[in-house]
Each structure stands twice: as C-alpha cells, then as structure tokens.
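*Asks:* Using only what follows, build the 3D model:
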Amino acid sequence: MRFQRPRERTAAFLVYACFAAGLAISVLMLVRSVTGGDQLNLLARGWLWAARGQLIPYGNPLSTGGKGPGCITTLLVGLPLFVWRDYRAPVVIILLFHAAAFLLLDATLRRILAPHERLLFAVVYWLNPWRLYLSGFLWNPNYLFLFGAIHLWSCLAQRHRAFFWASLLHTAGLVLAFQIHPSFLLLIVASALLWWRKFFKLQWPGAVLGALLGALPLLPWYLEVRAHPVIATAAAGRGFPGRGLLYVFPLVRGVAYWLRYGSLYIADNISAFDFTDVLDSDRWGPWLGGAVMIAVRVLLPVTMVLALVANLRLWRPVRRRFKWWRPAAPETSLKTAGRVWLRGYVVWCFVAAVIVFSAAPTTIMYWQVLPVFHAAVLPMVLWGGLLWRSRRARRVGQSVRAWVALSLVLGVAIAFGSPLYRCNGRQPMRFSLVSHSPMFDELGLQATCPWPLDRPGGWWPDVLPKGGHGSPTSPH
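*Replies:* Predicted structure coming up:
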C-alpha cells in the first residue's frame, strides 16, 4: 500500500482487498467457533424446529427477566439447520449479514466520501477487530450490523424525499431488530431524533406496511404470552429506568464503548488469549497467549485517544451555513451536503445513544451498543480523511498501513486464541450440563468441542428437553 492518498481505482481495489482479507478471517473464525450458554439456548430453538417441528415462539431469556419477543430467533437459527445440520450453520447467516451490511454501507457512502475515505471506512469498519470477533459465532447481537446499515441507507435515501421501499425497509428493520435484541432502542431513538430534525422523511403507507410485515413473527409470541404471561414479565430487582443517569458509571461506560469501536481496544474477555490448541502445548500456548494479551491490553488503549479526538472534531460544524443540527438545502449537491448530513447523522446517533445509556435499567455492555457500530466508526473515517488531505499525508498513509497490519494480526490472534474460538486453555466457554440431548451429537458439538454432560448442579438450555425426551422446558 502506498503512503500517498490513493486515487479512485486504487482505492476501490484496496477496498475489495480489505473485504477479501476480512472475509477470510471471518470464515476462519466460523470454522473454529465453539458454543457457550447463550449459543446453546439459540441452537435449542433452531434444532427443535428443524429436527422435531416444534416452533418456539419466543427468544432467549432477557437480563431484565422474561423471554425475548417473537419467533424471529427461532427462524434465523432454524432455517440454516434444515440445509446443514451443524452448530455452525446459523453462523453462516450472521456472516452473510455482516457482508451485506458492509457492501450496503460501502455502496451508500461512496456517493459521499472521497476514494481514500472509502478505503478508511473499509479498514476501520470491515477489518475492525470488534466486528471480526462478532462475525464468527452465534449470538443475538451479531445480527444487528445489517439493521444498522439499513438504517443509514434508508435515512440517506430519504433525506429530501420519502420513498415507499426505503420507508418500508426502515420500519421493518426496526421492528425485526426489536425482536432480536433489546439494544434496538438505539436505532428507534436515533430515528425519532433524525426525523424530528428533518434529516429524513417517511412515506407513511410504506412505513406502516413495513412495521406490519416486521411484526409477523410476533403473532405466535402474542398467542403464547396470552397462555403464559410470565414470558413477558420483567424480573423484580433487575434495575430501573434512569439508572444510567443516576449512577453515571453506566452512562460513561456506554460512551466509552462508542469510542472503543473506532479503536483497536477490544474487550478483556475477547483478548483472554491462549494458544494451547494451536501449539499443542500446555506450556508455550498459555505463555504466548499471556504475552499477546498483556501487549494488547497495555498498548492498544492508546488508539482510543485517536477515536476521542476524532469525535471531538466531529462536533465542529464544517461550514457556518451547514450546521450538524440541520441538513443542507435540497438543491445542494450530494457530495457537499452529504458530508454535512453524514456528520449530523453520526452526532444524532450519538445523542440517541446517550439518551438510551441514561435510561437503561442495567449496566451497559459492549454488545448493547452494536446497532450504531457503523456510526461510531465514522468519526475516525472523516477525521482520517481530512488529515490525509493535509501536509501530514505521508504520516497518515504510514498510520493506515500500520492500522491494517494490526487489525489483521489481531483478527488472526482472536481466531486462534480467543475463548469463543478455541476449546481449551484460559477461560473456556464450556461448563457442566445436567443432562444430555441428541442435539449435541446431531449438531456436532460433542465431536468438535465436547461438553461435560450429566453433572448434578450443572446448567441447561431453557427450552431443550433433558435426555432428549419430552417436550421443551416450560417457560413458567
């Protein structure tokens, strides 16, 4: 990669090279992925439908009590199992969602960004170690990248005029995201703020139809709730609205994750490296994993400072007549007004995140900020693109090259040493289960990374029959 700012053809080539490299690492992660508690809950829903025809109309248990609304998780997990009866089959859908999200964002943003900024987006979004980590295993939040991409695309497409299909996909995406993970609230609040500030318009017949279509998986759940109301009942003592604002720490934690998404500073549970499986050594595997883990946790937090500076610069208006709190005039060209619109979009997404962090009843975790992941990395793209046009161009080019190398090395380290991508070593994901089920053998769980079964006092997936007999565990 050259240090100078790449032209359009070179930038396009490098973008697709980044896409190929990131896709290869994600496929490697998919192949090496193992399962944990939440993954077994999801697999049980999909397997019961694919193998026994039993459709579970509700999702995983929620941290605030009750079950996730709708049968969308059963559908997303179960459909791939009809084709490939393996625990990694649903992860293929997640990887396709990630690829579709990037391709949609790239096609949308290249109308606004300069070629070198398009390359920067490929680096800080697609090669991002956070995204790479979340692309290779089964988990509810991992689906949300596509819904964030649809959100940005549909808002930009309707910045001056409402369109039926864009409005339909916008609201359908919001309603479906609501059924996948509670963090959908980030997109709901962002949409409300952006619509209020006239950053996009809605074609109401399309919006209503999209909401109705997205709500179809809620019908079986609604019938189940009428029979068993406990499914939708929140647990007592699980927090209260406004907790993030009252205790401050949850709010600060959420903002920190917004900044960390634009950096290389990954979470500690991701960087709990151990390469015992790769080196086939109980001595050198943990030693090398510990050395890499310490280096990552000591050195990479520095990159968060760059993300902080990029976000601070974002709040400065580009021009006096184009402020971030209002979109540009309709007659302004997309290249000119689009950059201002994009800055405003990111800022209002951040404001929406702060509102949700403040109102959240529980402490914010990194997976609860994923719906706005695409917006969180854009400040680095815009600031880096500005620096690459300045007299610091050579230094920026060197930094981009180093960033790509670090991202790739970190992605490979995660694929071979992170807990969800290895069977043994530090902080393994497997723990004792109280019984056994044909699901473990049919989906290849016991053949790749066996679970300890038939252990008194162990854990068990909430809907999976014990011993392979009977009906799913009752929700009450």
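*Asks:* count of neighbours near residue 83?
*Replies:* Neighbours of residue 83 under the rule other C-beta atoms under 10 Å: 10. The way it works is simple: take the backbone N, C-alpha and C, and place the C-beta from them, glycine included.
*Asks:* er, residue 230 I mean
*Replies:* Residue 230, neighbours per other C-beta under 10 Å, totals 12.
*Asks:* So for it, what pLDDT did the model give?
*Replies:* Note for residue 230: predicted pLDDT of 80.
*Asks:* my guess is it meets residue 65, correct?
*Replies:* No. Using C-beta atoms under 8 Å, residue 230 makes no contact with residue 65, being 9.0 Å away.
*Asks:* Confidence-wise, which helix or strand of the protein is lowest on average?
*Replies:* helix 243-247 (a mean of 69; mean pLDDT, DSSP states H and E).
*Asks:* got the contact list for that one?
*Replies:* Applying C-beta atoms under 8 Å, 6 or more residues apart in numbering, the contact partners of helix 243-247 are 250-251, 254, 357-364.
*Asks:* Give the residue spans of the stretch 201-350 of the chain that score low on pLDDT.
*Replies:* Along the stretch 201-350 of the chain, the model assigns pLDDT under 70 to residues 234-242, 244, 317-336.
*Asks:* Now tabulate the contacts of helix 243-247 in JSON lines and tack on neighbour count.
*Replies:* Putting the contacts of helix 243-247 into JSON lines (neighbours: other C-beta atoms under 10 Å) gives the following:
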{"residue": "250", "neighbour count": "22"}
{"residue": "251", "neighbour count": "23"}
{"residue": "254", "neighbour count": "23"}
{"residue": "357", "neighbour count": "24"}
{"residue": "358", "neighbour count": "17"}
{"residue": "359", "neighbour count": "17"}
{"residue": "360", "neighbour count": "26"}
{"residue": "361", "neighbour count": "16"}
{"residue": "362", "neighbour count": "16"}
{"residue": "363", "neighbour count": "17"}
{"residue": "364", "neighbour count": "23"}
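*Asks:* Return the member of the residues you listed nearest to residue 11.
*Replies:* Relative to residue 11, the closest of the contacts of helix 243-247 is residue 254; by C-beta to C-beta it sits at 33.4 Å.
*Asks:* Verify the stated contact: the closest one with residue 352.
*Replies:* No. Counting by C-beta under 8 Å, residue 254 sits too far from residue 352 to count as a contact (11.3 Å).
*Asks:* helices or strands next to the helix or strand harbouring residue 209 in the packing?
*Replies:* Following DSSP states H and E, one finds residue 209 within helix 204-214. Secondary-structure packing of helix 204-214 (3 or more C-beta pairs under 8 Å, 6 or more residues apart in numbering; DSSP states H and E): helix 164-180.
*Asks:* tell me the helices in the stretch 101-250 of the chain, going along the chain?
*Replies:* With DSSP state H, counting those that start in this stretch as the criterion, the stretch 101-250 of the chain has helices at 115-121, 129-134, 144-157, 164-180, 185-196, 204-214, 218-227, 243-247, 249-261.
*Asks:* mind checking how far the least confident helix or strand of the chain is from the chain centre?
*Replies:* 24 Å (C-alpha atoms, centre = their mean, to the nearest Å).
*Asks:* Could you pull out the helices in the stretch 351-476 of the chain for me?
*Replies:* For the stretch 351-476 of the chain, the helices defined by DSSP H, counting those that start in this stretch occupy 373-388, 393-417, 438-442, 445-448.
*Asks:* right, so these: which one is the most enclosed?
*Replies:* helix 373-388 (a mean of 24; mean count of other C-beta atoms under 10 Å).
*Asks:* and that helix, what's its mean pLDDT?
*Replies:* Rounded mean pLDDT across helix 373-388 is 95.
*Asks:* what's it packed up against?
*Replies:* On a contact count with 3+ C-beta pairs under 8 Å, 6+ apart, helix 373-388 meets helix 115-121, helix 144-157, helix 249-261, helix 302-314, helix 334-359, helix 393-417.
*Asks:* And the first one, what does it pack against?
*Replies:* Spelled out, that is helix 115-121. Counting by 3+ C-beta pairs under 8 Å, 6+ apart, helix 115-121 packs on helix 8-32, helix 89-109, helix 373-388.
*Asks:* do the same with the longest one
*Replies:* With contacts defined as 3+ C-beta pairs under 8 Å, 6+ apart, helix 334-359 has these neighbours: helix 144-157, helix 185-196, helix 243-247, helix 249-261, helix 302-314, helix 373-388.
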